[in-house]
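[1] Below are the sequence and a predicted model; questions follow.
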Amino acid sequence: MENKNAGFWKRAGAFTLDYIVILGYLIFLTLLFLFLNNTFNADRFLFTTRSQSQLMGFLLVTLPITLYFAFGESSSYQATWGKQRLKLKVTDYNGDKVSFWRALTRTLLKFIPWEISHTLIWTIYFSPQTNSILINYGFGLVYLLIGLNIACLKMTKTHQTIYDFLAKTFVKTEGSGL
């Protein structure tokens, strides 16, 4: 059966399933840090400044989740757990498997709005006196990027997002087994 480009709902469903994995990891991290904080007062050492908090957030949350997507999409399955469940795979123009570096580039581009949001949240927490107009513009940019990705996905014949165009990738689906 011929592969076709996956549409919005199929990709949203796969991301929802992947978010179950991410949520499990975040719950684990939360419980671990509750224990570490209660036992060793860890937040006193790990989250004392805005830049230290941003770095720790990146190392503990963004980096592992980014690697989950990059390794999954560059594996022989060409998919994360969620994409596998919905019979999707990430390919290049020829329908072939993408390299780890291309999958990593795709994921980094996809998570730009996420990282901007993290930066804005740390700014609000550590610098509440920051001009709220700048914070609002920042979140406006986040929503604009997400909206543009969804619009591209829905309106292009190839069902590619901006990060797919930039990474030269496609998300393919097949009616029965890949």
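    Nice, I can see it.
[2] what is the mean pLDDT for stretch 105-114?
    Regarding stretch 105-114, the rounded mean pLDDT is 97.
[3] now do stretch 165-175
    91.
[4] Name the residues that touch that stretch?
    Contact partners of stretch 165-175, identified using CB atoms under 8 Å, 6 or more residues apart in numbering, comprise 1-6, 10-11, 83, 86-93, 95, 98, 102-103, 105-106, 109, 152, 158-160, 164. Where you see a C-beta, it was placed from the backbone N, CA and C, and this is true even at glycine.
[5] Of the residues you listed, grab the buried ones for ChimeraX.
    Buried subset of the contacts of stretch 165-175, written as a ChimeraX selection, criterion 16 or more other CB atoms under 10 Å:
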select :3,5,6,10,11,83,86,87,88,89,90,91,98,102,103,105,106,109,152,159,160,164
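[6] Tell me which of the contacts of stretch 165-175 fall in helices.
    10-11, 83, 102-103, 105-106, 109, 152, 164 (DSSP state H).
[7] I'd like the residues you listed as JSON lines, with distance to residue 115 appended.
    As requested, the ones in helices among the contacts of stretch 165-175 are exported to JSON lines (distance: CB to CB, whole Å):
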{"residue": "10", "distance to residue 115": "26"}
{"residue": "11", "distance to residue 115": "20"}
{"residue": "83", "distance to residue 115": "22"}
{"residue": "102", "distance to residue 115": "19"}
{"residue": "103", "distance to residue 115": "18"}
{"residue": "105", "distance to residue 115": "14"}
{"residue": "106", "distance to residue 115": "15"}
{"residue": "109", "distance to residue 115": "11"}
{"residue": "152", "distance to residue 115": "20"}
{"residue": "164", "distance to residue 115": "18"}
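[8] Pick out the most distant pair among those residues.
    Farthest apart among the ones in helices among the contacts of stretch 165-175 by CB to CB are 10 and 105. That separation is 22.5 Å.
[9] how about residue 162, what does it touch?
    109, 145, 148-149, 152.
[10] pLDDT value on it, please?
    pLDDT, residue 162: 97.
[11] low-confidence ranges in the chain?
    Residue ranges of the chain with pLDDT under 70: 1-2, 175-178.
[12] Ramachandran angles for the most centrally placed residue in the chain?
    Centroid-nearest residue in the chain, with CA atoms, centre = their mean: residue 111, separated by 4.5 Å. Here is the backbone geometry of residue 111 (degrees, to the nearest 10): phi -90, psi 10.
[13] where exactly do the strands run in this structure?
    In the chain, the strands defined using DSSP state E lie at 4-5, 88-91, 170-173.
[14] Give me the distance from the first one to the chain's centre.
    Here the centre of mass of C-alpha atoms in strand 4-5, compared against the chain's by CA atoms, centre = their mean, to the nearest Å, lies 21 Å away.
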